[in-house]
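>>> here is my input; please provide its structure:
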Amino acid sequence: MPFDPTAWGNAESEFNRDEPPAPGDYEVRLTDTDIFSAQDGRQFAKVTYTVLTGYARDHVWGVIHTLDATKPDGEPNGGLAITKRTLRDLGVRVDEVRSVVELRAELERVKGGLYLVEVSRNGQYVNTRPKRPLAGVQDQMPVANGGQPYGQSPAQPQNAILGADHVTRDVERVGGSDVTPAGAGAEFGREAATPGDEVPWGEQKAPPKRGEIDPETGEAIPF
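Numbers count the residues shown, from 1 in each chain. Here you go, the predicted structure:
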């Protein structure tokens, strides 16, 4: 077939549009956040990034993080500790969260923030890790977080975190973490697990499948 200049120009932006870009560091905006439940009752937080600069500019991908203290088989879920660490790196005040409603409000608060994130590959998994908040890359971009300093909440009415009681989406997901948690609260309906008791990745009985949770980061394998 003849060379198609339009296809050539769009090749990088169209290929694997919803998956993370190639491994490396990227300046991104946190463009969306969500909390949803799978049909089997498992609960997840989703964060969506958009690249601001470089060859991958405007590339968009989402990362799913588990919110369950146990895996479907009842074993402790180490992905929850990874979720908590990742959300803390995004500026979520994780130690103050006591309910899904409060977590949703915190995710909404940090939405629009600017970050340097690292995309890395671990075998079949692609991981996205926030490294630090950014300043100075928002040319022609709206100010994040209502103009407040990073980590501070913009002024809100007293009842701002209320009214977000619907957290269930009819979304079917599969997977679970293969690492025990470093400890997390029982605010999601299950008791916290004992910290530090990790299950080596090499002991899993079956190869990972699309949609399962990366034991190192708590993220789902890209769809």
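>>> the top strand by length along the chain pairs with which strands?
Longest strand in the chain by number of residues (criterion: DSSP state E): strand 24-37. As defined by DSSP bridges, the strand partners of strand 24-37 come to strand 43-51 (antiparallel), strand 114-122 (antiparallel).
>>> can I get that strand in CSV, CA atoms only?
C-alpha atoms of strand 24-37 as CSV (Å, rounded to 0.1, in the frame of the first residue of the first chain):
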residue,chain,number,x,y,z
GLY,A,24,9.9,6.5,30.9
ASP,A,25,9.1,9.7,32.8
TYR,A,26,6.1,11.9,31.7
GLU,A,27,4.7,15.2,32.8
VAL,A,28,0.9,14.6,33.2
ARG,A,29,-2.3,16.1,34.4
LEU,A,30,-4.6,13.9,36.6
THR,A,31,-7.6,14.5,34.4
ASP,A,32,-10.2,12.1,36.0
THR,A,33,-10.8,10.0,39.1
ASP,A,34,-13.4,7.5,40.0
ILE,A,35,-14.5,4.8,42.4
PHE,A,36,-16.4,1.8,41.2
SER,A,37,-17.5,-1.8,42.2
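>>> quick one: the helices in this structure?
5-14, 79-89, 100-110 (DSSP state H).
>>> what's the closest of those helices to residue 30?
helix 100-110 (6.3 Å; Cβ to Cβ). Every residue, glycine included, has its C-beta placed from N, CA and C.
>>> next, the angle from the closest one to helix 79-89.
Interaxial angle of helix 100-110 relative to helix 79-89 (axes from the mean of the first three to the mean of the last three Cα atoms, to 10 degrees): 40 degrees.
>>> show me the beta-bridge partners of residue 115.
Using DSSP bridges, the beta-bridge partners of residue 115 come out as residue 28, residue 133.
>>> now do the contacts for it.
Going by Cβ atoms under 8 Å, 6 or more residues apart in numbering, residue 115 touches 27, 28, 29, 30, 49, 90, 130, 131, 132, 133, 134.
>>> may I see the ChimeraX selection of the buried members of these?
Selecting only the buried entries of those in ChimeraX, with 16 or more other Cβ atoms under 10 Å as the criterion:
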select :27,28,29,30,49,90,130,133,134
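>>> got the CA positions of stretch 87-94 in CSV?
Presented in CSV, the C-alpha positions along stretch 87-94 are these (Å, rounded to 0.1, in the frame of the first residue of the first chain):
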residue,chain,number,x,y,z
LEU,A,87,-2.8,7.9,46.3
ARG,A,88,-0.7,9.6,49.0
ASP,A,89,1.9,10.4,46.3
LEU,A,90,-0.9,12.1,44.4
GLY,A,91,-1.7,14.3,47.4
VAL,A,92,-4.7,12.4,48.8
ARG,A,93,-4.8,12.8,52.6
VAL,A,94,-5.1,9.0,53.0
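>>> show me what it is in contact with.
With Cβ under 8 Å, 6+ apart, stretch 87-94 has contacts from 30, 45, 47, 65, 84, 103, 106-107, 109-110, 113, 115, 129-131, 133, 150-151.
>>> list buried residues within those.
In terms of neighbour count (16+ other Cβ under 10 Å), the buried residues within these are 30, 45, 47, 65, 84, 103, 106-107, 109-110, 113, 115, 129-130, 133.
>>> pick out the most distant pair among those residues.
The largest separation in the buried ones among the contacts of stretch 87-94, counting by Cβ to Cβ, is between 109 and 129 at 20.6 Å.
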